[in-house]
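Student: sequence first, then the predicted structure, then my questions.
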Amino acid sequence: MALCVAMMGCDTEELHDLNINPQAVNEIDLNFMFTAAQLGSASGGSAGDNRYIDWRTNIGMTSYLIQHLANAGGGIAPGDKYTENFESNNAPFEFFYGDALKNISEVIRQTGPDGYDAGNKINTRNAARIMRVLNFHRLTDFYGNIPYFGALQGMDGTFFPEYDHQSDIYPHLLQELEEATAAISASNPDDGFARADIIYMGDIAKWKKFGYSLMLRLAMRVSNVAPELANEYVTKAVEA
Amino acid sequence: MPTNWLAGVNVSNVASGPAGSSRVIIRGNTSLQGGNQPLYVIDGIPMDNTNFGQAGVWGGADQGDGMTSVNPDDIESMSVLKGASAAALYGARAANGVILITTKRGTARKGIGVEFNTNTVFERINDQTDLQTTFGSGRFQGDQETGAAVRPTTVRQGYDWGTQAWGERLGSGTSMHFDGIERPYVYAGDNWNRFYQTGTAITNGISLSGGGENQTFRFNATDLRSNSVVPNAGFDRINVSLASSGKFGSKLTFDAKVLYSNERTKNRPRVSDSPGNAFQSIFALPPNVNVEWGKGDPNRLGTIPIGTDPALLNTWGFAEQEEYLMTNNPWGQNPYFSTHQLSINDTRDRILLSGSLKYAITEHLYLSGRAGMDWYTRRGTTLTPQGTGYQRNGSMNENERRVNEINLEAMLGYDRTFGDIGVNVFVGANRMRRQDETIAANGQGFNVPFFHAINNTVTRNFGYGYSGWGINSAFASAEVSYKNILFLTGTGRTDWFSVLDPNFNDITYPSLGTSFVFSDALTELPLWLSFGKVRASWAQVGNSTVGPYQIQNVYSLLGAPAFNAAGNQVAMASFATASGNAGTIPNRFLRPLLSTEIEAGIDIRFLQNRLGLDLTVYRQRSTDDQLNAQVSRSSGFGSTLVNLGEMENRGIEILLTGSPIRTGNFNWDVSMNIARNRNEVISLIEGNDILNVEEPRTRTVFVQHRTGQPFGVIAGWVQKRSPEGQLVYEENGAPVQSDRMEVIGNGIPDWTGGINNSITYRGFNLSALVDVRLGGDIYSGTNVRLTQWGLHKQTLQGRLGEEPLTVSGVIQAGTDGSGSPIYESFEKTLTPGEANNYWNQMGNRAQDHFIYDGSFAKLRQITFGYNFPRSILDRTPFTNLNLSFVGRNLSILWKNVDNIDPESGYSSSNGQGLDYFGMPQTRTFGFNLKAGF
């Protein structure tokens, strides 16, 4: 043992330092993740892979379901023949959780109370909250009940989150929209938001308009099942 | 390689061509997702055996591994350390056993010894196909009951039906082909002989050795040049080595070696799924098509000649100088285009350095130190030229990878005998550091047409990768012996892994062993017994199979930027371990895995050592295996690293040796080894008893781990059966697919063994090795496709004028009140149209028809040599002269699989037992001449 310690040491700091990835950082400018989340919400995802939403979901599943397209059945396009194809069934689930929502959640988490960027990037945070609503809204409209409140916490050890009722998800989505759209403001420091925002390039008025439009859309979606909720938020959206 | 250490060592021949990788498994697989291959140690220094890439479900090439650098002429001896007891000296990476290679040294002698070695080997494809040659290209047209098989009569049909052998009976009239030429509709002859060539490998080596009392040296230079049986492919290598050992004064001895190698691999063949798989393209040709019609432009084989009729170009949709596709499937390459235009080339320069010093402090106490480095640069170029069928713009990639591994070791030892008691003790420490860095340039499209250089590409991007890791170790060993009859050994080692969190990064593992030479303990030995020893041991070894940077969450930039609404670039970032869709959650609490082995054996020899038996039984259990376990995608990630898996191996190894004849001039020795390993996966992630490993391109089976089953079973769709066990058919006679995948086989053999006979008579020696493998299955994707393409002989059944195809079983006639199916008995003789559909659907739905017993017996090697006697040599300048003939893989004596070699797995990964258009196996014949001065 003496030999080992004298010659090279057994469990040394130098050994531990080997596991520091020289191509990565412990804390990232969250605006970079916000951009990834924005691009990730588009049909190609953040990596430009159009198989999930373009092919399997939009073409393979939904275009056939609404019978704008038809085929002899099978493959990734089972929509009009009611056959099962696991790749098409899974595509939105894998796409939304695995790409945009993952990055959005990290932006919200790290700008939140215990995050390393707590209290900063207020506009980035609230734009991320609006993007989060957009993605979850699309996702729950595909599947109905989905993991929502416990979702996207893999880094905190929640590996198999529970499913939540759509009727519990929608009110929370609307509440989030209301809070986030109100909180996003031109009087907040920019903190790099304008540069990171590839959609509106930091135009707060456009974000407000988008947030309230989305609120109107979500409220109308629930108008047949929750007329009071719909009424409340349609009014809020229109007033704003 | 002597066979006597082969019991329990399973070497798989991977069907991936020159400079491909190999899979060596000692006593079964011990980790569910780890590498499972042994550690290679050259002269005490671990040698990197990184695998550079394997073909997978979507194809690719075997990029080779580390062992191709070794020059067989440099090897003095090889030995295998099986089981966990090797681990005290070599550490965690010896968890799967160690292959020890000792290279040659010089010897003290008068003058300089010179040795020449020249070796010429010829290689031929060992064609295992037996395909139908009765029906030609074409397809079945019309209704299944009233339609008929037709031949192509237009260029369009010739082009569209290029891989369909569902046409008419050959022998009369003509048919049209893809190239616009009408030819007689007859069997076109053997395409394998036309396409594959005789491979050659020529090796020339020279070595010088010599030295005196204080220092010896050996120098060797060897040049290997080879051409594969696949046209335009080959592997060349230069090895230069220098070894020196000696002493400074009376107490300090040294040993130093430099091994340099330069390897150049030309056109690694693409296997598994196309694109670019020439083997698949050759297999796919209908019997009335001659592969040479696809040669095209003689100056650029496989491309469309200049001056081709525009009407033909219009039919194909390709231009002059682009790929000359023989069928309208751009993913199924013209085989000449695959071999002569597409390319995957690489070169590797490698230096292995080792040096050791030993200082005798006293007569019994010594201090030794050793340093070693394995350093290499691998430079690769992959080209998909302009005009390639599936990628008309073309692309190329230039990459360089640098790897270095440095090991430092120090040891203090004490070796002494006190009367009857012998003591041998040492303590030591080791430090391993490794760096791996890759830089790549990628380009798409070419500005100057058909000028294939990276600086000529239209869009370019780069890639960069780095990883570094290390292990620190401390170890100790003590052996006590009594009269050299009874031995007791205990070892211990602690490894600290850089890849784990400092709080959980160490593992300490002990071993205990004893052996008793009972033949020496007996005062009077019975006449028939010459030697007897029993041994037993218990050992543990820890290991960590994860790569660096997996335990803590960090962030990294994405490879490509986004563009904002104004068109400006904006950088993007995400989790370093989960930058794309899914990805892995780091686990700070990950611990090393542990393997525990218990082993007992007997070594006994009879009749003046003329008959011997060496028998070992063992049981090994891996616990806390590090798994990348799937988690719900709604967690945001695809998997997380956890210590969960548990697996057991138990087995028996038997080595029998005998010398039936032993006279002065004539000796006959036989050795036979047999090994059986049973493996069971005991536990996986809770709630999920299946872990997928690999799948072939048919995508109808998986290699997977299942709780309660052996490592890596093959599970796939099979034909559905009724509750009474009868086969379920559709009304047209096609099989119905099962509701879930079922276990249909396992690619790992149950029994492995070999018999070696060797005879020496005066200067002559002759030996023959037969290699046997029993049990173990192979799923043949090749036979699936051959059946669907109408090339497999079984597809003759049911065609017009051939033996009728009758199926019997049940058919679903409806459902009862509770929704369960009602089955009615069913029997039908199929029309040719239904038979065509039957064979197609069998390939899609009933994989149990394509799982074959992978057992075989092969004549693995024959050598015949002659050592010229003194009486002749005395009149020549030679001190020794040896001429020998070596034949390898000459014949498959017994097998149970159609059309392919049972050793046709295309990958050396954990996904074993999958065949899908790998490179056909070959037989080789060669001559070797060795002359010493």
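Tutor: Done, it's in. Numbers count the residues shown, from 1 in each chain, chains lettered A, B, ... in the order given.
Student: go through stretch B:283-299 and flag the buried ones.
Tutor: For stretch B:283-299, the neighbour count (16 or more other CB atoms under 10 Å in any protein chain shown) marks B:283-289, B:291, B:293-297 as buried. Where you see a C-beta, it was placed from the backbone N, CA and C, and this is true even at glycine.
Student: look through the stretch 401-550 of chain B and state the residue closest to chain A.
Tutor: B:Ala429 (3.4 Å; CB to the nearest CB).
Student: coming back round to it: with the buried residues of stretch B:283-299 in mind, which one is nearest to chain A?
Tutor: B:Ala284 (22.3 Å).
Student: my guess is that closest one contacts B:Trp789. True?
Tutor: Yes: in this structure, B:Ala284 is within contact of B:Trp789 by CB atoms under 8 Å, at 6.1 Å.
Student: overlap in contacts of those two?
Tutor: Common neighbours of B:Ala284 and B:Trp789 (criterion: CB atoms under 8 Å, 6 or more residues apart in numbering or on different chains): B:Thr163.
Student: how near is the residue positioned nearest the centre of chain A to B:Gly136?
Tutor: The structure's chain A has its C-alpha centroid closest to A:Leu101; by CA atoms, centre = their mean the separation is 2.2 Å. A:Leu101 sits 56 Å away from B:Gly136, going by CB to CB, to the nearest Å.
Student: please apply the same query to B:Lys793.
Tutor: 15 Å.
Student: these two: who's more crowded?
Tutor: Higher neighbour count among B:Lys793 and B:Gly136: B:Gly136, with 26 against 16, using other CB atoms under 10 Å in any protein chain shown.
Student: for that one, what are its contacts?
Tutor: Going by CB under 8 Å, 6+ apart, B:Gly136 touches B:151, B:165, B:167-170, B:175, B:185-187, B:286-288.
Student: from those, keep the buried residues only.
Tutor: By 16+ other CB under 10 Å, the contacts of B:Gly136 give B:151, B:165, B:167-168, B:170, B:175, B:185-187, B:286-288 as buried.
Student: tell me where the stretch 201-350 of chain B has strands.
Tutor: In the stretch 201-350 of chain B, strands defined by DSSP state E, counting those that start in this stretch lie at B:215-227, B:234-248, B:252-266, B:270-271, B:343-360, listed in chain order.
Student: among those strands, which is nearest chain A?
Tutor: Short answer: strand B:343-360, nearest of the strands of the stretch 201-350 of chain B by CB to the nearest CB, at 13.5 Å.
Student: let me know the angle separating that closest one from strand B:234-248.
Tutor: In terms of direction (axes from the mean of the first three to the mean of the last three CA atoms, to 10 degrees), strand B:343-360 departs from strand B:234-248 by 10 degrees.
Student: give the next helix or strand downstream of the longest helix along chain B.
Tutor: Looking across chain B with DSSP state H, the single longest helix is helix B:832-845. Using DSSP states H and E, the helix or strand that follows helix B:832-845 in sequence is strand B:851-853.
Student: ok, residues contacting that next one?
Tutor: Contacts for strand B:851-853 (CB under 8 Å, 6+ apart): B:714, B:716, B:744-745, B:775-780, B:783, B:896-898, B:902.
Student: from these, pick the one nearest A:Ser223.
Tutor: Using CB to CB, B:Gly716 comes nearest to A:Ser223 of the contacts of strand B:851-853, at 48.8 Å.
Student: in which helix or strand does residue 113 reside?
Tutor: Since you didn't name a chain, this refers to chain A. Applying DSSP H and E, one finds A:Pro113 in no helix or strand.
Student: nope, chain B please
Tutor: Secondary structure assignment for B:Gly113, by DSSP H and E: strand B:112-125.
Student: and the helix or strand following that strand, which strands flank it?
Tutor: Downstream of strand B:112-125, the next assigned helix or strand under DSSP H and E is strand B:139-141. Strand pairing for strand B:139-141, determined by DSSP bridges: strand B:148-150 (antiparallel).
Student: off-centre distance for the strand it pairs with?
Tutor: Relative to the centre of its chain, strand B:148-150 is centred 43 Å away, using CA atoms, centre = their mean, to the nearest Å.
Student: contacting residues around it?
Tutor: In contact with strand B:148-150 (CB under 8 Å, 6+ apart) are residues B:135, B:138-142, B:166-168, B:799-800, B:832-833, B:836.
Student: buried only: go through those for me.
Tutor: B:135, B:138-140, B:166-168, B:799, B:832-833, B:836.
Student: same list, those residues, but as JSON lines with pLDDT please.
Tutor: What follows is the buried ones among the contacts of strand B:148-150, written out as JSON lines (pLDDT from 0 to 100):
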{"residue": "B:Phe135", "pLDDT": "97"}
{"residue": "B:Gly138", "pLDDT": "95"}
{"residue": "B:Arg139", "pLDDT": "93"}
{"residue": "B:Phe140", "pLDDT": "93"}
{"residue": "B:Trp166", "pLDDT": "96"}
{"residue": "B:Gly167", "pLDDT": "96"}
{"residue": "B:Glu168", "pLDDT": "96"}
{"residue": "B:Arg799", "pLDDT": "96"}
{"residue": "B:Pro832", "pLDDT": "95"}
{"residue": "B:Gly833", "pLDDT": "95"}
{"residue": "B:Asn836", "pLDDT": "95"}
